[in-house]
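Undergrad: could you look at this predicted model? Sequence included:
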Amino acid sequence: MTTSGGGWTLVASVHENDINGKCRTADMWFSNDLARYSIFSINWENRNIFGNVKEATSADYKNIGYSVIKASNLMLRHVPNKTPVEESKLFASLQYHTNNNFLDKYGGNLFTTLTKHYQMNLKTTSGTQFIMIEFMKKKFPTIQSHPTSMQISFNLFCRFKMDVDYRNHNPVPNEGIYEQEVCYNPENYEPVTIQNKAVKADSGEIKDGKKLSQKFWKIFTCLVLLLVFVVATVGIYYIAKNNASKSGESGSSSKLTTTSTSCLDLKNSGVSSDGYHFIQPNGTDTSIKVYCDMTTSGGGWTLVASVHENDINGKCTTADMWFSNDLARYSIFSRNWENRNIFGNVKEATSADYKNIGYSVIKASNVMLRHVPNKTPVDKSKSLASLQYHTSNNFLNKYGGNLFATYTKHYPMNPKTTVTYPPDINKLVDAIAALSTNITSGIPDFYKYTYGTETDRLRDGGQNMFTLFGMQLYFYFFCGHYVVHGNEFKCSSSRSVTVSRKSHPFIVVTTIGNLVSSSNLYYQVHAYRPRSDPVTSYNGKLTEGNFELQYRARCVYGRIVPSLCDVVFAVNNTKDWASSTTFTWSESTSHQYNHYYYYVYMNTYPRRIMFCYTMLSRTGGRLVTKVQVESTLRKMLQPFKTYTWSAEPCASNHLVVPVTYTIGESTLSNFVPPFMKLATTTGFLQIRAESHTGTYYAMCPAVKLNNCDGQYVCIGGVKNGYSQTNDCNDLTDWNGLTYNPDYHASKNFAHSSKDIESTIMIFYR
């Protein structure tokens with residue numbers, strides 16, 4: 001209140017925590033607009049708030065005044081980091097302010113100046129646009145150099161002084177007169193001047209025979225300006241008050257002063273009607289306009305946020321305000337489910353993403369979610385809602401009183417950065433290979449083919465089993481590779497592991513995690529056998545307990561050389577391994593003059609399944625029978641029955657809360673996609689869900705997940721830290737987008753267009 005007339009309001013500070021760190025998460029002011037690295041907001045140009053006034057020199061700080069106060073000038077103060085704010089003037093190394101009321105022309109604050117006049121949209125071509133502002137300088141004693149914070153304040157003030165060379169009144173017109181802008185050091189009131197400005201020379205006017213000095217006119221001018229200042233202050237106050245009321249967010253402290261911290265407080269004080277009300281949550285210094293539901297299940301519900309999908313096909317777009325990810329290459333400064341950022345407007349909460357300060361500071365016990373068509377007037381949202389439900393067990397009391405505390409302290413959405421594979425596959429394959437004697441004894445005249453010296457094929461097999469090239473096995477599932485005998489191969493994209501053993505019979509086991517829901521995979525057998533060899537094919541299914549084994553076999557025989565039977569089989573367990581049940585089989589053969597390609601496909605999103613190959617053979621060209629094939633496979637099944645493939649962490653690492661439906665319970669069957677009915681249970685709200693890829697989702701509205709396919713029913717995707725999955729929009733894959741090579745949408749996994757074009761409103765009580 002003392003610098004250059006006082007009245008300066010601290011609205012922001014810029015604090016550098018690491019000068020070598022570029023675009024780090026602690027750089028709260030950081031932003032850029034390149035599509036490759038796009039983020040959702042630019043904090044110099046929005047109404048987000050962050051930091052704390054008492055820590056304004058220890059971290060970046062921005063309060064609501066930055067965007068709503070109507071001012072004429074601004075002042076900057078450079079101070080050492082961690083200087084107590086109330087002592088910042090004393091320790092400042094540099095301080096200066098404008099004096100020409102430039103903000104009057106540009107909307108009254110930096111927010112309006114940058115959003116309406118000098119936007120910081122990054123250019124891709126040369127060119128510069130800027131404004132030059134003359135500052136009043138302040139001189140301070142030299143202070144030892146160290147990191148500083150810069151504080152920004154607004155004020156209405158001006159002061160003038162004549163050039164020092166014109167201190168003595170000059171009765172004669174003088175073309176060399178200059179006017180200077182002056183400010184004073186508050187410690188010693190020593191005047192400090194800046195660049196001279198030429199002014200009109202003194203005319204030497206005389207009144208009552210006396211010369212009126214230029215000093216007189218200066219005093220007179222200052223009195224007039226002071227009067228203008230007072231009138232302008234009153235006018236700006238009422239304009240700011242009116243604008244704040246129209247904005248639907250900030251309330252004037254005079255008329256809108258309230259002791260209510262939430263809609264529940266208002267309900268308890270006698271307010272009983274649904275509508276817009278002003279509250280001032282604990283820990284805040286500004287009242288905000290919110291929407292209150294005062295009639296549902298006892299009332300007192302405060303609307304704190306909404307999730308609105310503007311483009312279901314757009315992944316990681318700037319309009320997905322809740323989106324965030326943790327990839328360093330695409331890193332942004334915050335995750336909005338887990339921070340105090342605010343955005344949007346309460347009256348437009350169904351037309352865009354919305355979050356007010358109450359999301360992170362109101363202490364509540366329960367939450368309510370309301371699904372409404374996009375662009376529904378907020379005050380009519382209940383009557384037009386398709387679905388509404390709330391918790392009743394006061395679960396938030398245990399988790400900090402709001403979703404902000406629940407996520408940050410109990411269920412953080414830190415994406416996984418590493419890939420995990422099914423364990424102990426080598427031990428499993430060794431156990432199968434150890435059954436060699438038992439298996440071969442069950443097939444009369446089993447031929448023990450030779451492997452030769454090459455590691456990726458049987459060049460001969462012995463006794464002219466193959467001609468020329470021999471036999472080679474190729475496996476494709478995101479990562480294509482030829483099977484190397486005795487080796488292990490891992491594919492991170494599909495979380496699959498392939499292991500083989502040069503046993504009799506030859507055995508290959510591939511674990512299919514299929515975390516990204518690819519539609520198909522296959523084995524390709526390339527064997528050099530004459531086209532004239534007779535062929536017999538088999539297929540079937542074996543079941544033991546919770547285990548199921550399906551197979552396809554193609555057997556060639558009929559000459560005096562050893563016969564050959566290619567057997568491809570899959571083992572699944574829906575109960576213990578959480579295997580998928582939707583997969584199907586297909587096969588095809590391409591036969592040339594002296595060799596053939598035999599393909600066996602597994603289709604329709606196989607997951608958590610063992611996909612295997614074995615090669616049976618008999619001497620003298622004898623046919624391997626179906627009974628012998630199934631006897632062999634039943635013996636091979638036994639080691640699988642003792643293998644433990646634990647459920648994914650995503651099946652249990654979350655918070656599930658029961659809900660009570662107040663609107664739309666009878667239509668829940670239409671809300672859940674067809675292929676997700678067995679994978680979900682209605683009657684719950686799930687806080688945080690994890691996918692097979694390690695992607696987190698903020699919540700699953702109206703359901704809990706029984707598997708890891710959260711992208712089809714959950715909202716608020718946060719990308720994982722090791723792959724480029726596109727789970728980072730508000731309603732994730734509610735349109736049924738499945739990650740196969742064609743990236744197509746499946747109606748089996750899709751919500752209705754009504755659901756996709758809805759806004760989910762979040763209330764506290």
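TA: Structure's in. What do you need? Remember, it's a predicted structure, so these values are computed and weren't measured experimentally.
Undergrad: now for the strand or helix carrying Tyr601, which elements pack on it?
TA: Secondary structure from DSSP states H and E places Tyr601 in strand 596-603. The contact analysis (3 or more Cβ pairs under 8 Å, 6 or more residues apart in numbering; DSSP states H and E) places strand 596-603 against strand 520-527, strand 564-572, strand 584-591. Every residue, glycine included, has its C-beta placed from N, CA and C.
Undergrad: what's the most buried one of these?
TA: Ranked by mean neighbour count, those are led by strand 564-572 with a mean of 24 (mean count of other Cβ atoms under 10 Å).
Undergrad: helices and strands around that strand, which ones?
TA: strand 520-527, strand 547-556, strand 596-603, strand 609-616, helix 626-641.
Undergrad: angle of the third one against strand 520-527?
TA: In this case it means strand 596-603. Here the directions of strand 596-603 and strand 520-527 differ by 170 degrees (axes from the mean of the first three to the mean of the last three Cα atoms, to 10 degrees).
Undergrad: mean confidence for strand 596-603?
TA: For strand 596-603, mean pLDDT is 90.
Undergrad: can you list the strands that that strand pairs with?
TA: strand 520-527 (antiparallel), strand 584-591 (antiparallel) (DSSP bridges).
Undergrad: report the contact partners of Thr284.
TA: Each residue near Thr284 by Cβ atoms under 8 Å, 6 or more residues apart in numbering is listed here: 357, 361.
Undergrad: mind checking what secondary structure it has?
TA: Three-state assignment for Thr284 (DSSP: H, G, I helix; E, B strand; the rest coil): coil.
Undergrad: look up how far Asp730 lies from it.
TA: 26 Å (Cβ to Cβ, to the nearest Å).
Undergrad: go on, Val556?
TA: 55 Å.
Undergrad: can you check Thr406 too?
TA: For Thr406, the distance to Asp730 - Cβ to Cβ - is 19 Å.
Undergrad: then Thr662?
TA: Applying Cβ to Cβ, the value for Thr662 to Asp730 is 24 Å.
Undergrad: and the two? Which one has more around it.
TA: Asp730 (26 against 16; other Cβ atoms under 10 Å).
Undergrad: flag every buried residue along stretch 663-681.
TA: Residues 663-664, 671-673, 675-676, 679-680 are the ones in stretch 663-681 that count as buried (16 or more other Cβ atoms under 10 Å).
Undergrad: stretch 420-428 now?
TA: Per 16+ other Cβ under 10 Å, stretch 420-428 contains these buried residues: 422, 425, 428.
Undergrad: ok, and what's touching that stretch?
TA: 488, 490, 495-497, 499, 509, 511, 513, 639-640, 643-645.
Undergrad: and with 6 Å instead?
TA: 495, 497, 499, 511, 639, 643, 645 (Cβ atoms under 6 Å, 6 or more residues apart in numbering).
Undergrad: how many neighbours does the closest residue to the first one other than its chain neighbours have?
TA: Spelled out, that is Arg495. Spatially, and ignoring its direct neighbours in sequence, Arg495 is nearest to Gly513 (3.2 Å; Cβ to Cβ, 6 or more residues apart in numbering). For Gly513, the neighbour count with other Cβ under 10 Å is 25.
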